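**Q** Would you be able to build a 3D model of this:
(one chain, ligands or ions: 2)
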Amino acid sequence: MNTQKTLVIGHRGAAGEAPENTLGSFALAVDQGADGVELDVHLTKDGEIVVCHDLSLDRTTNGTGLICEKSWKEIQGLDAGSWFSESFIGERVPLLREVFDLVPRGLLINVEVKHAYEGRMEKALLAFLRESGRMEDVVISSFNHKVIHRIKLAEPEAKVGLLYAADLFNHAAYAQQIGIEVHSLHPHHHLFEKEDAAAASAAGLATYPYTANDVQDYQRLIDAGVTGIITDFPARLKKVLGA
Ligand code: G3P
Ligand code: CA
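**A** Ligands and ions are numbered 1, 2, ... in the order given. Below is the predicted model:
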């Protein structure tokens, strides 16, 4: 039985109950008592960092085309809520800055870098985080481990996490081999066992498996002793935790 507090990290806010990566979704996660939120970032043509999962606007807005081919002015008026439910009409694609303004200081913000944009995303993100004064609250993760490597070398204060969906022989050993100080592992939750969590913890690594939504999966991960669980349903996880 694990007695350590398991952190609740709202995936794209509370994406099971609100349109992902919108201010409404992040507000709901915070209201439900999440300990942190996960979000995805892209760069506009004019260098603004926006919060959206896909490279393109097609799936989650009433616009079309690649984010990197649009200016912020072209994106800011799009509807990012009505695809999910009519009750969310008026939700927009937020700037990263707007999400930081909404999420209280001290809550964890897991920024997932979806694309490198030839190194421009790393520069823009680090400039933003330095100016925000909230480097301590943030974990930067990516499936692109070269991006994570470059970010850590450019900014030793940044906390970085490895995101992956591989069934590794030794998760902790992989993190130790890539030549930077890794803060956390972000494995697919189906591919992370109790012994993996124990080895990671012994190596000083935090663990944030994604994206678990079922009560049985929550319980397995809690019992494994993971640091936190990334979930679309923060309130459901809070209930399982008895919080
Ligand atoms: O960061 C965890 C998880 O969000 C990674 O997958 O596709 O939901 O961004 P995806
Ligand atoms: Ca993500």
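**Q** Low-confidence regions, this protein specifically.
**A** Where the chain drops to pLDDT under 70, the residues are 1-3.
**Q** So in it, which strand runs the longest?
**A** Identified as the longest strand of the chain according to DSSP state E is strand 36-43.
**Q** Bridge partners for the residue nearest the centre of the chain, pull those for me.
**A** Nearest to the geometric centre of the chain sits E38, at 2.6 Å (CA atoms, centre = their mean). Counting by DSSP bridges, E38 forms beta bridges with H11, N110.
**Q** wait, isn't it in contact with E112?
**A** Yes: using CB atoms under 8 Å, E38 is in contact with E112, at 6.4 Å. Quick note: C-beta positions are derived from backbone N, CA and C, even for glycine.
**Q** From V111, how far out is L237?
**A** 21 Å (CB to CB, to the nearest Å).
**Q** who's more crowded, those two?
**A** Neighbour totals were compared for L237 and V111, and L237 leads with 29 against 24 (other CB atoms under 10 Å).
**Q** Now name the helix or strand holding the more buried one.
**A** Counting by DSSP states H and E, the element that carries L237 is helix 234-241.
**Q** helices or strands up against the top helix by length along the chain?
**A** Determined from DSSP state H, the single longest helix within the chain is helix 120-132. For helix 120-132, the packing partners by 3 or more CB pairs under 8 Å, 6 or more residues apart in numbering; DSSP states H and E come out as strand 36-43, strand 49-51, helix 96-102, strand 108-113, helix 145-154.
**Q** any chance of the ones you listed in TSV, with distance to R130 too?
**A** Formatted as TSV, the helices and strands packed on helix 120-132 follow (distance: least, CB to CB, whole Å):
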stretch	distance to R130
strand 36-43	16
strand 49-51	13
helix 96-102	13
strand 108-113	14
helix 145-154	11
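**Q** thinking again about what came up before, list the buried ones in the helix holding L237?
**A** 234-238, 240-241 (16 or more other CB atoms under 10 Å).
**Q** What of stretch 157-164?
**A** Residues 158-164 are the ones in stretch 157-164 that count as buried (16+ other CB under 10 Å).
**Q** any idea which of those is the one closest to ligand 1?
**A** Using CB to the nearest ligand atom, L163 is the member of those that lies nearest ligand 1, at 5.4 Å.
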